[in-house]
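Colleague: Following is a predicted model, sequence given first.
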Amino acid sequence: MLTILITLIGIFMSNPSFAIFQETVIKSLGGQPLKTEDYKGKVVLVVNVATQCGYTPQLSSLQKLHDQFAARGFSVVGVPSNDYGGQTPEAAPAVEKFCQLNYGVKFPLTEKVVTKGKDKHPLFVRLLELSSDKQEIAWNFEKFLIGKDQKVLARFPSAVDPMSEPVRQAIEKALKE
């Protein structure tokens, strides 16, 4: 599994006002630093994931999506959260094992973080700041599509399957830009 600390001060873009990960620190599930250079110039789908949610089977779709577009500069990044119904109660090693064994997840997973409220992780503060929809994340498996220029291009609610036509079309468009 990728291990990574994201200390990102405008690393994805020369104009730091658009940098999603500006001054943000996040680690992998294994506690290692996330390598920000691995995402420079890529299209990224950031998804708050859970292990015991009705949408948890989307992990398979997220992996298929990751596999379909990875060679073209795309990555899914899963961010576990226990904020919605306590649906990710496991510790990091159990989350990783669950995702890999049950859904074949190989895309990067970060540490478990808070994604809503006053204590939300700075990554989600930044995603919401730069999104046209600034409302709090409503539930597990919300998806934020980030372009090569670090702009939030789209936000998809939990019920939208990652392999749906709107998500795939948005990724295709972002990869061509």
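Modeller: Received the coordinates, thanks.
Colleague: now the strands for this structure?
Modeller: For the chain, applying DSSP state E gives strands covering 43-49, 74-80, 143-146, 152-156.
Colleague: just those strands: most buried one?
Modeller: Ranked by mean neighbour count under mean count of other C-beta atoms under 10 Å, the strands of the chain are led by strand 43-49, which reaches a mean of 26. Where you see a C-beta, it was placed from the backbone N, CA and C, and this is true even at glycine.
Colleague: Is Ile26 in contact with Val113, as I believe?
Modeller: Yes. With contact defined as C-beta atoms under 8 Å, Ile26 and Val113 form a contacting pair (7.0 Å).
Colleague: just to revisit the earlier point, show me the one of the strands of the chain that comes nearest Asp67.
Modeller: strand 74-80 (9.5 Å; C-beta to C-beta).
Colleague: between the closest one and strand 43-49, how many degrees?
Modeller: Strand 74-80 and strand 43-49 are oriented at 20 degrees to each other (axes from the mean of the first three to the mean of the last three C-alpha atoms, to 10 degrees).
Colleague: possible to save the strands of the chain as a markdown table with distance to Glu90?
Modeller: As requested, those are arranged in a markdown table below (distance: least, C-beta to C-beta, whole Å):
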| stretch | distance to Glu90 |
| --- | --- |
| strand 43-49 | 12 |
| strand 74-80 | 8 |
| strand 143-146 | 22 |
| strand 152-156 | 25 |
